[in-house]
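Chemist: give the three-dimensional model of this entry:
(chains A and B)
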Amino acid sequence: MNDSTALVTAGAVRTGAASGPVVVEARGLEKTFRIPDQRVDSLKERVAHPFRQSEYRTLRAVQDVSFDVHQGEFFGIVGRNGSGKSTLLKILASIYRPDSGRVRMAGRVAPFIELGVGFNPDLTSRENCLLNGVLMGLTRSEAQYRLDAVLDFAELRDFADLKLKNYSSGMTVRLAFAIMVQADADVMLIDEVLAVGDAAFGQKCMDVFYEKRRAGKTIVLVTHDMATVQSLCHRAMLMHDGELQFIGDPEDTAMRYYRLNFGGAVEEGGEDASAPSDETNAFYDLNGRVVHAHLRDPAGKLVDNVEQDVPIGLDVVLEAARELVEPIFVFHIINEDGLVVAGFTRSYDGTLAPGGRVKLAGAIENPLVPGRYSVDVWIRRDSEGSDMALQPIRLLYFVVYGTAPRHGIVTVRSDVEATAVLEPAQ
Amino acid sequence: MSDALEATAQRAADLSEPANLPQRRDDAPVPELKDVPGPAALGGDRRRMFELLWILAVNDFKRTYFGTVLGYLWTLARPLMLFGVLLAVFTQVFRLGSEVPHYPVLLLFNIVLFGFFQEATGAAVFSVPGQESLVRKTQFPRIVIPLAVVLTSLFNLGLNLIVVLVFMLAFGVTPMWTWLLFPLVLGALILITTAVSTIVSSLYPRFRDIAIIWTVASTVLFYATPILYPADKVPSGLRDVIMLNPLAPLFEISRKWFIDPTAPGPVQLAGGWAPLIVPAVLFVGICVLAIRVLEREAPRIAEEL
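Modeler: Take a look at the predicted model:
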C-alpha cells in the first residue's frame, strides 16, 4: 500500500487548508444503540415472565469521533452503509442525543437534514411549503410571503393547489429543493441530497450548492457520491464501523472509500483470494490525482470558460498515486445531461513512480454547442493490462458561451445551399 | 453576455477552483460556538414552536375529513349519532332519563366533552409514528406532537359546542351567569387531556402495548365517569369510587353550572371537600407524570421509531 498521507487516528483533528473560524465542533462523540434480539416470545412465555428484560445486542454506531468544520467550508462525510455517518449527522442536528461527547455550533443551524422532510402527500404543495417554511423557523406570514419565490424557482406555479400525491417524483424533488434555497441558515446539515432526481436536476442542485458556497454558508454533507465529494467539498471525512478513519483532502478520502468498498468486498467474497491483496486494491484505485487543471484560450491566457468555436486549451498536471507503467489517459467531455459528447485517449511512453507527475496539455477542437460541460479523465495504469480505475477524476467544469442555436450537441459546418430548381418536373 | 450566462460563468469559475474558500472579511464577527442541546421536550424558539403546532393541527384537521362527502359535517354528525342511540336506550329502555332534568341535553353535553378527551388521547397514541419523518429528520420540541393532536380535537370540540348550545336553548335550558365559568371547566379538561395525550404518545414508540391498553382504558373511563348517568343516581358506595376519578368532578360541576343549577355539586356528591382531595391529587399527579415522562422519553424518541 502506498499511503502517502498517514492515517489520522480518531480523536485527532486536522485543520487542513481551512482557515475560517470553527462553526461546528464535535468532541469525543459516542452513540450506542440497543438492538433487541429477534427472539420470538410466545404469549405464554410473556405472560409467565412479564417483567423479564428482553435481550439486547449493542451496536456502537459512533465511536469517539472528533472533528471541526470551519466557516464557509463544504465538509463531506462518506462511508459505507451502516458506518455511522447518518447517525453522526443526526447527533449534529439535535435529533439524536449522544451517549457522551459534546457538539458546539455557531450561527443558525438548519433544523432538518433532508429535503422535503415532512411532506404530506394529502396536502397541496402550497400547504406543504408553508409547513416546511415554519419548520425552518419562518412565521406563517413570512412563509406565505416567500411562497411565490419557491413556486417560481420550482417552476410549479400552475400546480400550487395540486395535492402532492398527484405530483411526479421529479416535481416533488424540485419543490423540496426550491424550499431549501429559501432556508437562510448559516450551517446546513444534509443527508444524501443528490440521491434523487435526474441528471438535469442534479445539475440544478449543484448550482444551488455553489451559490450557498459563494455566500459563505457552511454545509456538512453526508453522501455516497464521490463525484460530489471531489467536486464540491473542501474536506471530507471517512467513517468506517462507527470510527473516524480519515479526514482530509476529498480525493484521498474518495480513494480510501473505494478501497473500503471494492477492495474489501473482493477479499471477503474470496473470488480472487489467490491474487495479492495489494493488486486487488490497486485495481480500484484512482491511480492518480490532479495537481492542477486549467483551461487556456488560444493566446495561452488562463480562462474559466470558452467561447463557441474557439479551441479549448487543456492544461492538466496529474500525479501518479502508484507506479504507472506506460499509462493511458482517457479524456471524456460530458455535457449537462451526463452524455459523453467526445473523448480522446493519450498515452505516456514511460514509467511514472508514485508521486511522479505528468503534464497533459494541448488544444481541443471545439464544436460544442453553448452549455455547460465537464471533463473527466480515466487513468489506465499500464498499456498492456486492461484494468482501469473504477472512477474517473473530474478535472474541470466549464461553460461554452455564444449565440449559436442549440441544435443537437455539436455544431457542424456545412455548405448546404438552397437553390431554385429551374427545370420543370418531368 | 446575458444574466443567465453570467451566472453560469460565475458558477464555472467556482467550479474550476474547488479548493478556494470564500475570502473572509476581517471585520466579519467571529461566530460564537454554543452547545448543541440535543433533542428535548421543550426549548428552542418559542414562536417557531407555536407556529408549528398551529400548522400541524390545521393540516391534520383538514386531512381527517379529506375525501369524505360530508366533510366537516361529520364532526357534528358523529356525536349526534351516538347521542341519538344513547338517548333512545336511556329514555326508552332504562327509563333513567325521565328522572333527570334536561337529560337529553346533559347527555349530549357530556358526550361532546368526553368525546374531546377520547378523540385526543386516542389519536395521541399513534401520533409519534404518524409524524415519523418530522421526528426522524428534523429538530423541534417534541411536546408539539401531543399538543397538535389536542389542538386538532379542540377544533372539533369548538364546532360541537355550537351544536350543544343550539340544543340547550331548544330544549329550554335557561341561560345562567354560571355559563361564564365555562372556560374554567374547559381549561381543566384541556389540561388533563394534554397530560394523558403526552403520556400515551411518549410511551407508545417504546411500549406498543399502550395502544391496546388505552383502547380498553378509555372505554372503562367512559363508563366510570358520570356521562350516561348523573352521579347522584348511583348507589352511595359505588358513587364514592366514581368520585375518585379526576374527570368525575369536572362533569358534575359542569352539570350544575351549565344545565341544572339544582343538581348536587361535586362537593355534595363526594360528601364534603376532603374526599375531593384524591381526584385533585390524581389530577395534578397525572400532569406532573406527563412532564416527567416526556422529558425522559423525548431525547430518545427518534431512535425508537
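
Chemist: which residues in chain A form helices?
Modeler: For chain A, the helices defined by DSSP state H occupy A:43-48, A:85-92, A:125-135, A:140-153, A:169-182, A:199-214, A:226-232, A:250-258, A:264-269, A:277-283.

Chemist: compare the ones you listed and say which comes out lowest on pLDDT.
Modeler: Among the helices of chain A, helix A:277-283 has the lowest mean pLDDT, at a mean of 34.

Chemist: out of the helices of chain A, nearest to B:Met243?
Modeler: helix A:43-48 (34.0 Å; C-beta to C-beta). For every residue, glycine as well, the C-beta is placed using N, CA and C.

Chemist: where does chain B have its least confident helix or strand?
Modeler: helix B:3-16 (a mean of 48; mean pLDDT, DSSP states H and E).

Chemist: residues in the stretch 101-250 of chain B within reach of chain A, list them.
Modeler: Selection of the stretch 101-250 of chain B residues close to chain A by C-beta under 8 Å from any C-beta of the partner chain yields B:Gln131, B:Ser133, B:Leu134, B:Val135, B:Arg136, B:Lys137, B:Thr138, B:Gln139, B:Phe140.

Chemist: so which residues on the stretch 301-426 of chain A come close to chain B?
Modeler: Going by C-beta under 8 Å from any C-beta, the residues of the stretch 301-426 of chain A near chain B are A:Asp304, A:Asn305, A:Arg372, A:Leu396, A:Tyr397, A:Phe398, A:Val399, A:Tyr401.

Chemist: if you set the cut-off to 10 Å instead, what comes out?
Modeler: Within reach of chain B by C-beta under 10 Å from any C-beta of the partner chain, the stretch 301-426 of chain A has these residues: A:302-306, A:336, A:370-374, A:394-403.

Chemist: so among those, which ones count as buried?
Modeler: Applying 16 or more other C-beta atoms under 10 Å in any protein chain shown to these, the neighbour count classes A:303-306, A:336, A:370-374, A:394-402 as buried.

Chemist: wait, A:Gln60 touches A:Ser83, no?
Modeler: One correction, residue A:60 is Arg, not Gln. No. Between A:Arg60 and A:Ser83 there is no contact under C-beta atoms under 10 Å: 11.6 Å.

Chemist: pLDDT below threshold where in the chain?
Modeler: I went with chain A, as the question did not name one. A:1-19, A:36-55, A:193-204, A:262-286, A:382-391, A:404-406, A:424-426 (pLDDT under 70).

Chemist: not what I meant, chain B
Modeler: Looking at chain B by pLDDT under 70, you get B:1-30, B:66-67, B:97.

Chemist: mind listing the strands for it?
Modeler: Under the criterion DSSP state E, chain B carries strands at the ranges B:34-35.

Chemist: buried stuff in the lengthiest helix in it?
Modeler: Ranked by residue count and defined by DSSP H, the top helix of chain B is helix B:144-170. For helix B:144-170, a neighbour-count test (16+ other C-beta under 10 Å) marks B:144-157, B:160-161, B:163-164, B:167-168 as buried.

Chemist: go on, stretch A:170-187?
Modeler: For stretch A:170-187, by 16+ other C-beta under 10 Å, it's A:171-183, A:185-187.

Chemist: my read: B:Phe182 touches B:Pro175, true?
Modeler: No. Using C-beta under 10 Å, B:Phe182 makes no contact with B:Pro175, being 11.8 Å away.

Chemist: these two: who's more crowded?
Modeler: B:Phe182 (13 against 10; other C-beta atoms under 10 Å in any protein chain shown).

Chemist: and that one, how close does it get to B:Asp260?
Modeler: 15 Å (C-beta to C-beta, to the nearest Å).

Chemist: and the residue nearest to A:Ala185 when sequence neighbours are not counted, what are its phi and psi?
Modeler: With C-beta to C-beta, 6 or more residues apart in numbering or on different chains as the criterion, A:Ala185 has its nearest non-adjacent residue at 3.7 Å, and that residue is A:Ala110. Main-chain torsions, A:Ala110, degrees, to the nearest 10: phi -60, psi 130.

Chemist: report the contact partners of A:Ala110.
Modeler: A:93, A:135-137, A:180, A:183-190, A:217, A:219, B:138-139 (C-beta atoms under 10 Å, 6 or more residues apart in numbering or on different chains).

Chemist: next step: those restricted to strands.
Modeler: Using DSSP E, these in strands are A:Val187, A:Met188, A:Leu189, A:Ile190, A:Ile219.
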